[in-house]
Each structure stands twice: as C-alpha cells, then as structure tokens.
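Undergrad: quick one, fold the following:
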Amino acid sequence: DRVAIIGDNRPQLYWSIVASQCLGAVPVPVYQDAGAEEMQFVLEHAETRFAVVEDQEQVDKLLTIMDRLPALERVIYKDGRGMRHYRQALLTSLAEVMEQGRALDRERPDFFPAELAKGEGSDVSVIAYTSGTTGRPKGVMLSYDNLIKSAELSTRFDHLTASEEVMAYLPMAWVGDHFLSYAQAYVAGFTVNCPESGDTVMQDLREIGPTYFFAPPRIFETILTQVMIRMEDAGWIKRRLFHFFMAVAKRAGIRILEGRPVPPADRLLYGLGELLIYGPLKNTLGFSRIRAAYTAGEAIGAEIFEFYRSLGINLKQLYGSTESSVYVCLQPDNDVKLDTVGPPAPGVEMRITAEGEVMYRSPGVFVGYYKNPGATAETKTADGWVHTGDAGIFDQHGHLKIIDRARDVGRLNDGSLLPPKYIENKLKFFPYVMEAVVFGDSRDFVAA
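TA: Residues are numbered from 1 along each chain as shown. Next up, the predicted model:
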C-alpha cells in the first residue's frame, strides 16, 4: 500500500512514516501547501490507499477530490479541531488508530516483530515526488539501502553524533527534509525538533539553537537582509561598531574558521568582535551552536556566503537531487570554495560526458520512477549511472563547478563549450548590471 503524509512538520506525521514502513507500506509525503488539484495527481498516480493528514484544512482538500481518488479508503487526521460535525465514514482520528494499534498489540504481540522481519534493504522505502517544474511530477522511488547507506556516509563525513540538534521546518515532501530530519536522524540518533508553526520558525530557531542546519540560499539571504535593516535603525555608535567589526570579520573571520594564519592584531580584534558583535548576533539568530550548515538548490551570493562564514558559522554547499538521495558533492570543512560545490562525496563516482553533462553513480541512486519505466531508462543507465541534466567542469583541485543546464550549453566554432548562464551570472555580480543575455553558439566569439 501507499500512504500519503500531508501536513506541517509534526512528530505524529514522522511517526506515521515509520509506522507505515514497519508494515512494508510505502509513505508518499505530499506538499502541505499544494492545492487540491495538485494533490489529486500525486495521490491518484501513487494509487494511495490511506492518507495521514495534519488538520481540517488538509481533510477538506481531500474531500473535494474524493470522487477522483478511487483507491483512497481512509483519511486519518491528527488535529481534531473543527472536525466535530464531520460524519464521513472514511474519516478516523489518529488517536483512535493508535488505540486500535495498542489493542492489536495486546491480542497479537508477535504481529509487529513478524512484520519487521519481512523487510529488506532493497525494498522501496519512500516515494518522493519531484516538483514538476518541467512537466508532471515524477515519483522517485528510494530504497532503504539508498537512504541508510547515504546517511551513514554523510554523517561520518560531517562527524554527526547523537548529540546534534536539528530543526525540521522544511516541507516533509521535500527529499532534503526526509534525509536530514529522518534518515540521518535515525542513523546518527540525534534530536529532531519541530517548530510550533510556520510563523514561529525564527523564534523557535533561537530557542532550539541547532548544531546542524540546512536552508536554501533565499532563507540565508532573508536573514541577512533583516540583520542589515535592523542595524540601519540602530544608534550611530552601534552602527559604527557593527561595521568596524564586520570589516575585521571579512578580513580575518574565514581564515580563522579554516585554521589559516592571521596577524595577531586581527586575531585579537576578532576575539573582541566575538564578544561584542558576532556572539550576540549569532545568539539572536539561533546560530550560536552550529557546527555544520548547508545550503543548496541554487547559487548563493558571494557576499551572503562570506558573511556567515566570516562570523565563524561553518556554512557549506552541497550538490545533489532527489534521484541521488539528496547529495552528490559535499564540501569538506577545510576545503570550502564559493564557486564550486565541492568534490564528489564519499562513495560517489562522477564523470563528465563529451557534451559536458555531469553524471554520477552512488549508493543513493534511486530505484526508478514509479510507473514510468521510460523516464527511468532516460535518466539511469543499466549500470547505474545517472544523467543530471547539468553541465559542469572540475577545477584543478577536483571540485565540481556547475555551469549551466546541459541542454543550454552551446559550442563556439572552435569547439569551446559555451555555458550562457554561467557567464550571465558572473556579469550580474556587478552592481550596475541588472540583467544579461549571452550569445555565441555556432559563432566565432561570445557577445553579451
């Protein structure tokens, strides 16, 4: 059976994922902010028989599309607020299901261990649907081996232990949350904290003080913007102190973080800045205890990346996809570069085709696309290599640079590769360039 999981990050929804898996069923997390029509495609395509949802809002969405979901037999809701007058036979509260489970366990104590014993590492663990930006979403089937082996390698890479604290605030339907807040948590044994609501994430972040953190570039950018706006509203003495010590941080902070030599005067000033500016600022943001932080999904601005690293926050980039069980490249602590996504992660093989496309093979390579063998064959070769659709190059240190989508890369008449987006982004780093378009495919030179 397939079990849809719909709602904000809630312990009961994570428990529902593992409960389904213990029985051999496959959870299908669905984006909680998706409209009823978007949900209908995923639930119908996955032939979902059960749905575990957070609240009345998600129940209402499913009730509007029930006539198009012939396989859906039961909707189990966590939060009973507003549900008093709902009389549909397919609705059951999660509390009632848990009570039924306790009763079954008393009657048949051997049932649960017997079901567990049937599981294999090669079984499908989860179906994570892609965003569908280039067409209909595809259901990526990941096995237990995919997720557990990838989690073991990555937790070892970043020295993650049971003492870590993370905050699960990104959509449960996104494979990154499933990996960081679920697979890695089970492998390393660390604590996963769920925010009270989407509106209290920043406040909860300060209360929790995570040691391991992930956010897309836009979140790091938003936080930095809020900091700078707040500083502009501060008194002139605070402003002067802030800008003075941020200049010190820019000069010495990253070097100190990476263990490189720093003049004694700058080291002394940085220590004073930690006491007066950097420490209080990190405490306000909830970043005081971070040992490792990652960002991915798109290129992060140089000034944003350098700002956090100059404060002593070990912010790094990773490169990957749903089909890779999240990561393909990881940046080591002592070898972080702004313009690369790092070398291949442990256990990952990589190659670049003659056309410039990045391909990889790893323990995390997906089983296939659910009910779509054609798309599986297009993406994954018979010997396990995966087409990323991205064009890239390796620098002299073995770090990967993603330069464009492979289909957009052209060639000059002399045979040189032309990645338009890579050059356009470089041009847009200049403050006086708002937009740029680059041409040159099948020409003698490049024009912008």
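Undergrad: residue contacts, the residue lying closest to Leu62 once chain neighbours are set aside?
TA: Leaving aside its sequence neighbours, Leu62 sits nearest to Val75 (Cβ to Cβ, 6 or more residues apart in numbering; 5.5 Å). The way it works is simple: take the backbone N, C-alpha and C, and place the C-beta from them, glycine included. By Cβ atoms under 8 Å, 6 or more residues apart in numbering, the residues touching Val75 are 50-51, 53, 59, 62, 88, 90-92.
Undergrad: how about stretch 303-312: buried residues?
TA: Buried residues in stretch 303-312, counted by 16 or more other Cβ atoms under 10 Å: 304-312.
Undergrad: tabulate those (CSV), appending distance to Val175 and pLDDT.
TA: Formatted as CSV, the buried residues of stretch 303-312 follow (distance: Cβ to Cβ, whole Å; pLDDT from 0 to 100):
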residue, distance to Val175, pLDDT
Ile304, 24, 90
Phe305, 23, 92
Glu306, 29, 93
Phe307, 28, 95
Tyr308, 24, 96
Arg309, 26, 96
Ser310, 31, 96
Leu311, 29, 96
Gly312, 30, 95
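Undergrad: about what we covered before: is it fair to say the residue nearest to Leu62 lies in a helix?
TA: No. With DSSP: H, G, I helix; E, B strand; the rest coil as the criterion, Val75 is strand rather than part of a helix.
Undergrad: how close does it sit to Val201?
TA: 27 Å (Cβ to Cβ, to the nearest Å).
Undergrad: could you do Leu142 as well?
TA: Relative to Val201, and taking Cβ to Cβ, Leu142 is found at 27 Å.
Undergrad: these two: who's more crowded?
TA: Neighbour totals were compared for Leu142 and Val201, and Leu142 leads with 28 against 16 (other Cβ atoms under 10 Å).
Undergrad: so that one is in contact with Val124, correct?
TA: Yes. With contact defined as Cβ atoms under 8 Å, Leu142 reaches Val124; the gap is 7.2 Å.
Undergrad: list residues touching both of those two?
TA: With Cβ under 8 Å, 6+ apart, Leu142 and Val124 have common neighbours Val367.
Undergrad: what about stretch 16-33, distance to the chain center?
TA: Computed by Cα atoms, centre = their mean, to the nearest Å, the separation of stretch 16-33 from the middle of its chain amounts to 18 Å.
Undergrad: and that stretch, what's its mean pLDDT?
TA: Stretch 16-33 comes out with an average pLDDT of 97.
Undergrad: with just CA atoms, put that stretch into PDB.
TA: Coordinates of each C-alpha in stretch 16-33 appear next as PDB, following Å, rounded to 0.1, in the frame of the first residue of the first chain:
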ATOM      1  CA  SER A  16       3.200   7.700  10.600                       C
ATOM      2  CA  ILE A  17       6.000   7.400   8.100                       C
ATOM      3  CA  VAL A  18       8.000   4.900  10.100                       C
ATOM      4  CA  ALA A  19       4.800   3.100  11.200                       C
ATOM      5  CA  SER A  20       3.900   2.600   7.500                       C
ATOM      6  CA  GLN A  21       7.400   1.400   6.700                       C
ATOM      7  CA  CYS A  22       7.400  -1.100   9.600                       C
ATOM      8  CA  LEU A  23       4.400  -2.800   7.800                       C
ATOM      9  CA  GLY A  24       6.100  -2.700   4.400                       C
ATOM     10  CA  ALA A  25       3.800   0.100   3.100                       C
ATOM     11  CA  VAL A  26       5.400   3.000   1.200                       C
ATOM     12  CA  PRO A  27       4.900   6.600   2.500                       C
ATOM     13  CA  VAL A  28       4.300   9.300  -0.100                       C
ATOM     14  CA  PRO A  29       4.800  12.700   1.500                       C
ATOM     15  CA  VAL A  30       2.800  15.500  -0.200                       C
ATOM     16  CA  TYR A  31       3.500  19.200  -0.100                       C
ATOM     17  CA  GLN A  32       1.100  20.600   2.500                       C
ATOM     18  CA  ASP A  33       0.600  23.900   0.600                       C
END
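Undergrad: ok, residues contacting that stretch?
TA: Applying Cβ under 8 Å, 6+ apart, the set of residues contacting stretch 16-33 is 1-8, 38-39, 42-43, 46, 48, 50, 52, 54, 58, 76, 94, 112, 115-116, 118-119, 123-129, 139, 171-174, 178, 182.
Undergrad: buried ones in it?
TA: Buried residues in stretch 16-33 (16+ other Cβ under 10 Å): 16-17, 19-21, 25-32.
Undergrad: what about the helices in the stretch 1-150 of the chain?
TA: Remark: helices assigned in the stretch 1-150 of the chain by DSSP state H, counting those that start in this stretch are 11-22, 36-45, 56-64, 94-107, 111-117, 144-157.
Undergrad: so which residues make contact with the fifth one?
TA: For helix 111-117, contacts defined as Cβ under 8 Å, 6+ apart pick out 22-24, 104-105.
Undergrad: the nearest residue to Glu232 once chain neighbours are set aside: neighbour count?
TA: Leaving aside its chain neighbours, Glu232 sits nearest to Arg239 (7.3 Å; criterion: Cβ to Cβ, 6+ apart). Arg239 has 13 neighbours, counted by other Cβ under 10 Å.
Undergrad: and Arg239, that one's in a helix?
TA: Yes. Checked against three-state DSSP, Arg239 lies within a helix.
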